[in-house]
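> Turn this into a model:
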Amino acid sequence: MNKYLKITIGLVLGATAYGATTVADNQINPYTDKGDRQEISIIQDIPESGESKIELLKARPEMRLKKWNGEVDLGVSYSKVKGSGNRPLLSNKIEWEDIKEEVHAYPIDNENFEFEVILKEKPNTNVFDFTIDGYENLDFFYQPALTQQEIEEGRNRPENVEGGYAVYHKEKRDHILGQTNYETGQAFFIYRPKAIGANENWIWAELSYVNGILRVIVPQSFLDNAIYPVRIDPNFGYETIGSSSYAMGANIMWGTPGTPASNGTVDSISVYSKGTLGTINIKDVLADYTAKTILANGVTGACSITNTAGWKTCSYVSKPTVVGGTQYWVITIGQASYTIYYNTTGTNLWDSSNSYSTPTDPTDDGGNSDRASAYATYTASGGATPSITSDLILFE
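Just a heads-up that it's a prediction; the model follows:
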């Protein structure tokens, strides 16, 4: 018996019990039936970020992740299973069944979704390919294991993040007031998958992405000795918060380069962070990318952050101006130790000895590939909006 199938016993006891079961099923069912697909909305807590939803096709195992009112439409499918999808009674899963394998899809919470393969018997391969479409305007950034030096510095990368992918849009980012809030430009996160046996023993699988193929490789020894069925479960998330974290010391600047889409005045910068040991103040800074000089009015006022992680918005009173197509550094500096959240995606600036009270032009002690969770809200002031060819992202 496949222990992962939902089996309900003792609920159908006549008309009254059946009616009660129907009510309970309606309460459990998170989907809206759209005829050829089931749809579920993702709860958004960022203003003006548009509608996000997941669609599950009935005809085949395919999940479509839509974000920013459908401007991103990423499809994930598993072609080896040919059966049609259905939702069992009293379940939040959509299931596609075949003779040797099944696919289940279901929400884990308000932001994350599971798309898993169930192996009913030992397969003839340890490689499982998921086909991705709608990826052309997205960048997939692999999240490697932290080095020993990074661990000693106090950085943290959860086990399910290590070996996963942060997925960013190549161009969409930031927030122009009155338009869609693209936040950091991060669309999704694909977590490191597990292979889980029927006796609940499990092992990490290897994940790779190349040109529209998301490949999961399960250690062959695990499949050889597993009790079937075995579940392979890559998770997909609507993470816009960096999945790794690092406790920064006082007076250290950490900045990321990039290019705004248009001319404008910067209203504020939002950073996902927390005070490492308690409530402290931070400031945000904008600087020229090449000269590493702080812009006129480029330093925000002090913003208080607590030891609870969350988005903190630092507003400008006198607003700095930015020019579309020009690169800048967006920088954060703390009064005392604070924790920032980041993904490994590009190049950054690191200044280990600056001044929180009076920030000075940054130097660069040698950047690495970490992109902090920070983005700008700005008001467009007209002018040309050049096409962006660089993958570097301002105010990510």
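
> Show me which residues of the lengthiest strand in the chain are buried.
For the chain, the strand with the greatest residue count under DSSP state E is strand 264-275. For strand 264-275, the neighbour count (16 or more other Cβ atoms under 10 Å) marks G264, T265, V266, D267, S268, I269, S270, V271, Y272, S273, K274, G275 as buried. C-beta: built from backbone N, CA, C; applies to glycine.

> What of stretch 371-381?
Buried, per 16+ other Cβ under 10 Å, within stretch 371-381: R371, A372, S373, A374, Y375, A376, T377, Y378, A380.

> Is it possible to get JSON lines of the residues you listed that adds secondary structure, distance to A24 and pLDDT?
Below are the buried residues of stretch 371-381 laid out as JSON lines (DSSP: H, G, I helix; E, B strand; the rest coil; distance: Cβ to Cβ, whole Å; pLDDT from 0 to 100):
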{"residue": "R371", "secondary structure": "strand", "distance to A24": "44", "pLDDT": "81"}
{"residue": "A372", "secondary structure": "strand", "distance to A24": "44", "pLDDT": "82"}
{"residue": "S373", "secondary structure": "coil", "distance to A24": "39", "pLDDT": "83"}
{"residue": "A374", "secondary structure": "strand", "distance to A24": "44", "pLDDT": "80"}
{"residue": "Y375", "secondary structure": "strand", "distance to A24": "41", "pLDDT": "79"}
{"residue": "A376", "secondary structure": "strand", "distance to A24": "46", "pLDDT": "77"}
{"residue": "T377", "secondary structure": "strand", "distance to A24": "43", "pLDDT": "78"}
{"residue": "Y378", "secondary structure": "strand", "distance to A24": "48", "pLDDT": "78"}
{"residue": "A380", "secondary structure": "strand", "distance to A24": "50", "pLDDT": "78"}
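
> Relative to S304, which of these is nearest.
Closest approach between these and S304, by Cβ to Cβ: A374, at 16.5 Å.

> Touching, that closest one and V271? I think so.
Yes - taking contacts as Cβ atoms under 8 Å, A374 lies within contact range of V271: 4.3 Å.

> what sits in contact with each of the two?
Counting by Cβ atoms under 8 Å, 6 or more residues apart in numbering, the contacts common to A374 and V271 are D284, T332.

> can you give me how far stretch 234-246 is from the chain middle?
Here stretch 234-246 is found 4 Å from its chain centre; the criterion is Cα atoms, centre = their mean, to the nearest Å.

> what mean pLDDT does it have?
Stretch 234-246 shows an average pLDDT of 80 in the prediction.

> Repeat that for stretch 105-118.
In this model, stretch 105-118 has a mean pLDDT of 88.

> quick one: contacts of that stretch?
So stretch 105-118 is contacted by 2, 4, 30, 40, 42-43, 54, 56, 61, 63, 65, 76, 78, 81, 91-94, 101-104, 128, 130, 191, 229-239 (Cβ under 8 Å, 6+ apart).

> Try it again at 7 Å.
2, 4, 30, 40, 42-43, 54, 56, 63, 76, 78, 92-94, 101-104, 128, 229, 231-239 (Cβ atoms under 7 Å, 6 or more residues apart in numbering).

> end to end, how far does it reach?
The first residue of stretch 105-118 is 11 Å away from its last residue (Cα to Cα, to the nearest Å).

> can you check stretch 245-259 too?
End-to-end for stretch 245-259, by Cα to Cα: 24 Å.

> in it, what counts as buried?
Within stretch 245-259, the residues scored as buried using 16+ other Cβ under 10 Å are 245-248, 251-259.

> Among those residues, which are located in strands?
S245, Y246, A247, M248, M253, W254, G255, T256, P257, G258.

> and of those, the nearest to Y356?
The closest of those, once distances to Y356 are taken by Cβ to Cβ, is M253, at 9.4 Å.

> ok, the residue nearest to the closest one when sequence neighbours are not counted - how many residues close by?
Distances taken as Cβ to Cβ, 6 or more residues apart in numbering place D351 nearest to M253, at 3.9 Å, with adjacent residues excluded. Neighbours of D351 under the rule other Cβ atoms under 10 Å: 22.

> Please list all residues in contact with D351.
Contact analysis of D351 by Cβ under 7 Å, 6+ apart lists I252, M253, P362, T363, D364, D365.

> returning to what we had before: wait, which of the buried residues of stretch 371-381 is closest to V72?
For the buried residues of stretch 371-381, the nearest to V72 is Y375 (16.2 Å; Cβ to Cβ).

> For the closest one, give its distance to E183.
Per Cβ to Cβ, to the nearest Å, Y375 is found 5 Å from E183.

> try K319
Here the criterion is Cβ to Cβ. By it, K319 lies 20 Å from E183.

> out of the two, which sits in the more crowded spot?
Neighbours were tallied for K319 and for E183 using other Cβ under 10 Å; the higher tally belongs to E183 (26 against 17).

> Quick check: closest non-adjacent residue to K274.
Distances taken as Cβ to Cβ, 6+ apart place A309 nearest to K274, at 4.1 Å, with adjacent residues excluded.

> Can you report how many residues lie near the one you found?
Using other Cβ under 10 Å: A309 sits among 17 other residues.

> what sits against it?
Applying Cβ under 7 Å, 6+ apart to A309 gives the contacts Y272, S273, K274.

> swap in R371?
T256, Y342, N343, T345, G346, N348, E396 are the contacts of R371 under Cβ under 7 Å, 6+ apart.

> at 8 Å instead, please
Here R371 is in contact with T184, G242, T256, Y342, N343, T344, T345, G346, N348, I393, E396 (Cβ under 8 Å, 6+ apart).

> Quick check: which of the residues you listed has the minimum pLDDT.
I393 (30).

> Where does N26 sit: helix, strand or coil?
Assigned by DSSP: H, G, I helix; E, B strand; the rest coil, the conformation of N26 is helix.

> Would you mind measuring from it to L89?
Using Cβ to Cβ, one obtains 11 Å as the distance from N26 to L89.

> So between those two, which is more surrounded?
Comparing N26 with L89 by neighbour count (other Cβ under 10 Å), the higher total belongs to L89, at 14 against 8.

> Correct me if wrong: that one contacts A24.
No - contact criterion Cβ under 8 Å: L89 and A24 do not qualify, at 9.1 Å.

> All set now, cheers.
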